[in-house]
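>>> structure for the following, please:
(chains A, B and C)
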Amino acid sequence: MPELPEVEVMRRNIEAHVLHAGLRKVDVLDPRLTTSLPQNWENAVVNNELSETRRVGKYLFLFFGKTWLHLHFGMTGSIVFVPTNDHLPKYSRLALDFDNGLRMCFTDPRTFGKMDVVNRVESFLSTKKLGRDLLDATEDDAKKMFVNRKISAKAILLKQKEVAGIGNWLADEALFRQKIHPATPGGSLSERKAQHLLDEAKRIAVEAIDADTHYGDFPDHFFVHHRKENNDCPCGMGKIEKVQLAGRSTYFCSTCQS
DNA sequence: CGATCTGTTAGTAG
DNA sequence: ACTACTAACAGATC
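Numbers count the residues shown, from 1 in each chain, chains lettered A, B, ... in the order given. All right, here's what the predicted structure looks like:
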């Protein structure tokens, strides 16, 4: 489910299927998705071609000539392509019909996903106060986000206002690989350690994208393969423990991570 | 049946 | 004004 790597893979998949295709028809299948949109918002996108896509953190933007369609996938949102007259996939909330015979469906069983139309991506990002995308994060970002902070390193990694795109499994993965206990207060990490941590998160994101975010295809060294309570840690010395941090289940090995 | 889940945000308290 | 924590959103899965 959608953290930065998953959203990036969806973005690439969308480009592969419908970049420069014309949008012919919009079907809103779950009206809750569009309650806060302007009246007749469809007119701003229909009969235009999808000319550009962007992703910042977990947010996806599709440009239809006049305006951007913004999608956020929540916990269970996804994009599925089917032939235009095929059955809709289960949990479809929105369907976009393109003139190349493909229908792009936004599926979302838990319905935490969101959609909006925006004129400028930059103003959307500043309203949200979203941090820089993880893949573009700098050493300076790493220094600033952890320094003088009392909250846990895990909580800081999850803050989209610091760096955008890290979710629960990616945060656990980076902390495990850098041997940092997830509850470590951000401010007690050295500048160097903070930079290594953010750099690790970036590398993980790239590796996950390269594997098309199919977890089974992730390299063996990925912590995600062991990320379950009471599993043996690959270090051979400890068991994986589970705690709640920042309201999220957090898995780690207290032997490796201190 | 009850607990859990890879996200965000309104509300609350400090 | 900012920081940090919680509940809520909803349904499949174990």
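>>> can you show me the strands along the stretch 51-200 of chain A?
A:52-56, A:59-63, A:68-72, A:78-83, A:92-98, A:102-107, A:114-118, A:132-133, A:163-164 (DSSP state E, counting those that start in this stretch).
>>> by contact count, what packs against the fourth one?
The helices and strands touching strand A:78-83, judged by 3 or more Cβ pairs under 8 Å, 6 or more residues apart in numbering; DSSP states H and E, are helix A:4-18, strand A:102-107. For the C-beta atoms, the positions are set from N, CA and C on the backbone; glycine is no exception.
>>> number of residues surrounding the closest residue to residue A:2 other than its chain neighbours?
Excluding the flanking residues, the one nearest residue A:2 by Cβ to Cβ, 6 or more residues apart in numbering is residue A:73, at 3.9 Å. Summarising burial for residue A:73: neighbours were counted as other Cβ atoms under 10 Å, giving 23.
>>> then residue A:55?
If we define neighbours as other Cβ under 10 Å, then residue A:55 has 20 of them.
>>> next up, the contacts around residue A:167.
Going by Cβ atoms under 8 Å, 6 or more residues apart in numbering, residue A:167 touches A:2-4, A:58, A:158.
>>> re the thing from before, tabulate the helices and strands packed on strand A:78-83 (TSV), appending mean pLDDT and distance to residue A:175.
As requested, those are exported to TSV (pLDDT from 0 to 100; distance: least, Cβ to Cβ, whole Å):
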stretch	mean pLDDT	distance to residue A:175
helix A:4-18	96	16
strand A:102-107	96	31
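>>> and residue A:198, which of the ones you listed is closest to it?
With Cβ to Cβ as the criterion, residue A:198 lies closest to helix A:4-18 of those, at 12.9 Å.
>>> and whichever helix or strand comes after the closest one, which strands flank it?
With elements assigned by DSSP states H and E, the helix or strand that comes after helix A:4-18 is strand A:23-28. Here strand A:23-28 is paired, per DSSP bridges, with strand A:92-98 (antiparallel).
>>> before we move on, the earlier item: now, of the strands of the stretch 51-200 of chain A, which is deepest in the fold?
Of all the strands of the stretch 51-200 of chain A, strand A:163-164 carries the top mean neighbour count, a mean of 26, counting by mean count of other Cβ atoms under 10 Å.
>>> which residue does the stretch 1-150 of chain A have closest to DNA strand C?
residue A:110 (3.8 Å; Cβ to the nearest atom of the strand).
>>> surely that residue and residue A:75 touch.
Yes: look at residue A:110 against residue A:75 with Cβ atoms under 8 Å: they come within range, at 5.3 Å.
>>> before we move on, the earlier item: okay, the strands of the stretch 51-200 of chain A in TSV with distance to residue A:218 next?
Output for the strands of the stretch 51-200 of chain A, formatted as TSV (distance: least, Cβ to Cβ, whole Å):
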stretch	distance to residue A:218
strand A:52-56	20
strand A:59-63	22
strand A:68-72	24
strand A:78-83	18
strand A:92-98	28
strand A:102-107	23
strand A:114-118	28
strand A:132-133	21
strand A:163-164	21
